[in-house]
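Student: Based on what follows, work out the 3D shape:
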Amino acid sequence: MKFIHLSDLHIGKSVSSKSMLDEQRNILFNQIIPAINETAPDGIIIAGDVFDRANPAAEAIALFDDFLVELANLPKKAEIFIISGNHDGAERIAYGSRIMDRSGIHLSPVYDGKVKPYTMRDENGELDVYMLPFIKKATVKYYFPDVEINRENDSVAQAVKAMEADPERRNVLVAHQFVDGASVSGSEEGNVGGLDAVSTDIFDDFDYVALGHIHGPQDLAKGIRYCGSPLKYSFSEVNHEKSISVVEIGAKGQVKVTEIPLKPMNDWYDLRGKFEEIISPAYRAAHPEYEYGYLRITLTDENDVIDGYKSLQAVFHNMMELHYDNSRTQALGIVDGGDAANKTDEELICELFELQNGRKLNDEEIEYIRKFI
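Tutor: Numbering: from 1, shown residues only. Predicted coordinates for the structure are as follows:
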């Protein structure tokens, strides 16, 4: 059984007021659809965050509608599994699901305490696909009032337990949660103190867990994988290699994952140097990809350049951010360090308090912060 694993399309997203719709249209129709045609999968998974917000714009809905039509009309028919993520409106994703189900497009319903599998068949027998939309502990507690649920891990564990998946069968789970051990890029909606991290042990009964939410492709354990987003959506992802995950499930316990690389129309770049160097014709001629690339530029000039942003944007049309790294910004502590994603919540709060108040938190205050987190 062969699956294409996608997630985090974020259709309709804008970054620094720049719409990503053209990039999304290109990646969906010029790269993902041809890759699917060439791969000829039995199933296509979209593991949440189809849209970038719960009430997407008409243009975003139209683009996804066109994509669904392409998927429904593939030369080789494939079953399509789509769940809602934390950015999606669960009701919007679920709309029309009973009708679309007949066309092979399976949409996760709004969570009601039950998740019924869709059964597929191949030469190795039956395979069950479970679709778990993004859930929070309050939702699960409503349907299981007698179960002690204190953390997000408890809620997902209960939701999975209620599926009653047969460990002797081949099982695939589609989910959109923050799973313990994932390497975040900073562009995802973050977790607080690890409280919403989900243990991989919960998924022991599944041969493959197709995860969404984290934008960098990565394996957390055997058969538990984030495929990542197909496009970069922040400068924390500048070094990501985006791809499509191709998952082949043989007999029970046999899972193979390969990647098909994706290339955007315009990539993301982090530039650093003096204004005159970066704007010079020689520099631009040596880097033609920067003209329409998504740029974050850090100028090292000692003095701020008058109309520097406007001058740079005139030649670098998709410049998104301009920063300075000089004695002034260093003294003010506003140089972009880019390492916040690697610090704990306590460290970030302590740094912010010291920056704002000119002193460190005392022991009593730190203890209060720890209890609050």
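
Student: from here on, contacts and neighbour counts on C-alpha atoms
Tutor: OK.

Student: Which neighbouring elements make contact with the strand or helix carrying Ala285?
Tutor: Per DSSP states H and E, Ala285 falls inside helix 281-286. Counting contacts by 3 or more C-alpha pairs under 8 Å, 6 or more residues apart in numbering; DSSP states H and E, helix 281-286 packs against no other helix or strand.

Student: if we look at it, which residues are touching it?
Tutor: Residues from elsewhere that reach helix 281-286 (C-alpha atoms under 8 Å, 6 or more residues apart in numbering): Glu277, Ile278, Tyr290, Glu291.

Student: tell me the contacts of the second one?
Tutor: This points to Ile278. Applying C-alpha under 8 Å, 6+ apart, the residues contacting Ile278 are Arg284.

Student: Please tell me how far it sits from Phe316.
Tutor: Distance of Ile278 to Phe316, given as C-alpha to C-alpha, to the nearest Å: 10 Å.

Student: between the contacts of helix 281-286, which is nearest Ser84?
Tutor: Using C-alpha to C-alpha, Tyr290 is the member of these that sits closest to Ser84, with 35.0 Å.

Student: Find me the pLDDT at the closest one, would you?
Tutor: At Tyr290, the predicted lDDT confidence score is 96.

Student: what number of residues lie near the closest residue in space to it that isn't next to it in sequence?
Tutor: Here the nearest residue to Tyr290 in space, its sequence neighbours aside, is Phe316; by C-alpha to C-alpha, 6 or more residues apart in numbering that works out to 6.5 Å. Around Phe316 there are 20 other residues, counting by other C-alpha atoms under 10 Å.

Student: Which residue, neighbours along the chain excluded, lies closest to the residue with the largest distance to the centre of the chain?
Tutor: Distance from the centre of the chain peaks at Asn303, with 38.2 Å (C-alpha atoms, centre = their mean). Take Asn303 and drop its neighbours on the chain: the residue closest to it by C-alpha to C-alpha, 6+ apart is Asn326, 7.8 Å away.

Student: The one you found and Thr300 touch, don't they?
Tutor: Yes. Counting by C-alpha atoms under 8 Å, Asn326 does reach Thr300; the two are 5.7 Å apart.

Student: And the residue nearest to Asn303, how far from Thr298?
Tutor: 10 Å.

Student: sec struct for Arg359, please.
Tutor: Under DSSP: H, G, I helix; E, B strand; the rest coil, Arg359 falls in the coil class.

Student: can you check Asn239 too?
Tutor: Once three-state DSSP is applied, Asn239 turns out coil.

Student: burial of it, as a residue count?
Tutor: With other C-alpha under 10 Å as criterion, Asn239 counts 13.

Student: Could you pull up phi and psi at it?
Tutor: phi -100, psi 10 (degrees, to the nearest 10).

Student: Now do it against Arg25, distance only.
Tutor: 22 Å.

Student: Let me see the mean pLDDT of whichever helix or strand Ala35 is part of.
Tutor: Per DSSP H and E, Ala35 falls inside helix 33-39. Computed over helix 33-39, the mean pLDDT rounds to 96.

Student: What are the contacting residues of the following helix or strand past that helix?
Tutor: Downstream of helix 33-39, the next assigned helix or strand under DSSP H and E is strand 43-47. For strand 43-47, contacts defined as C-alpha under 8 Å, 6+ apart pick out 2-8, 78-85, 174-176, 210-213.

Student: for the record, mean pLDDT for strand 43-47?
Tutor: For strand 43-47, the per-residue pLDDT averages 98.

Student: give me phi/psi at Val198?
Tutor: phi -110, psi 140.

Student: Enumerate every residue touching Pro75.
Tutor: Taking C-alpha under 8 Å, 6+ apart as the test, what Pro75 contacts is Asn37.

Student: how close does it sit to Tyr226?
Tutor: Relative to Tyr226, and taking C-alpha to C-alpha, Pro75 is found at 27 Å.

Student: coming back round to it: touching the helix holding Ala35 from outside, list them.
Tutor: By C-alpha under 8 Å, 6+ apart, helix 33-39 touches Ile4, Glu70, Leu71, Leu74, Pro75, Lys76, Ile260.

Student: What is the burial count for Ile4?
Tutor: So Ile4, with other C-alpha under 10 Å, has 27 neighbours.
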